[in-house]
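In: here's a sequence, model it:
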Amino acid sequence: MADKKFVSGVIKEGKRVRWPKREVLIPSIIVVVIIAVVVGLLLFAEDLAGKKLIDILADAFAGK
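Out: Next comes the predicted model:
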């Protein structure tokens with residue numbers, strides 16, 4: 001019984017939400033995707049730099 005009440009409450013609240021217009025939604029999605037790609041590239045570059053640093057330190061301590 002509680003599940004049915006919960007679901008009906010969710011549906012009721014979903015109808016009260018003011019959903020954004022397409023003119024606002026599409027640019028927002030584009031901004032989010034661009035930020036996600038930039039952050040992903042930065043993390044990838046940081047990971048490569050960290051790997052390079054670890055390889056340099058491993059070589060230094062291995063006596064090569």
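In: the bottom helix or strand of the protein by mean pLDDT?
Out: Using mean pLDDT, DSSP states H and E, helix 2-16 stands out as the lowest-scoring helix or strand of the chain, at a mean of 89.
In: what's the offset of that one from the middle of its chain?
Out: Relative to the chain's own centre, helix 2-16 is displaced by 28 Å; criterion: CA atoms, centre = their mean, to the nearest Å.
In: with stretch 49-58 instead?
Out: Taking mean C-alpha positions (CA atoms, centre = their mean), stretch 49-58 and its chain are 27 Å apart.
In: and it, which residues are buried?
Out: When burial is assessed from 16 or more other CB atoms under 10 Å, stretch 49-58 yields no buried residues. No exception for glycine: its C-beta is placed from N, CA and C like everyone else's.
In: would you mind writing the CA trace of it as PDB?
Out: The C-alpha trace of stretch 49-58 is given here as PDB (Å, rounded to 0.1, in the frame of the first residue of the first chain):
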ATOM      1  CA  ALA A  49      51.700  12.400 -16.400                       C
ATOM      2  CA  GLY A  50      51.400  10.300 -13.200                       C
ATOM      3  CA  LYS A  51      52.300   7.100 -15.100                       C
ATOM      4  CA  LYS A  52      55.300   8.800 -16.600                       C
ATOM      5  CA  LEU A  53      56.400  10.100 -13.200                       C
ATOM      6  CA  ILE A  54      56.100   6.600 -11.700                       C
ATOM      7  CA  ASP A  55      58.000   5.100 -14.600                       C
ATOM      8  CA  ILE A  56      60.800   7.700 -14.100                       C
ATOM      9  CA  LEU A  57      61.000   7.000 -10.400                       C
ATOM     10  CA  ALA A  58      60.900   3.300 -10.900                       C
END
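In: if we can go back for a sec, next helix or strand past the least confident helix or strand of the chain?
Out: Downstream of helix 2-16, the first helix or strand assigned by DSSP states H and E is helix 22-62.
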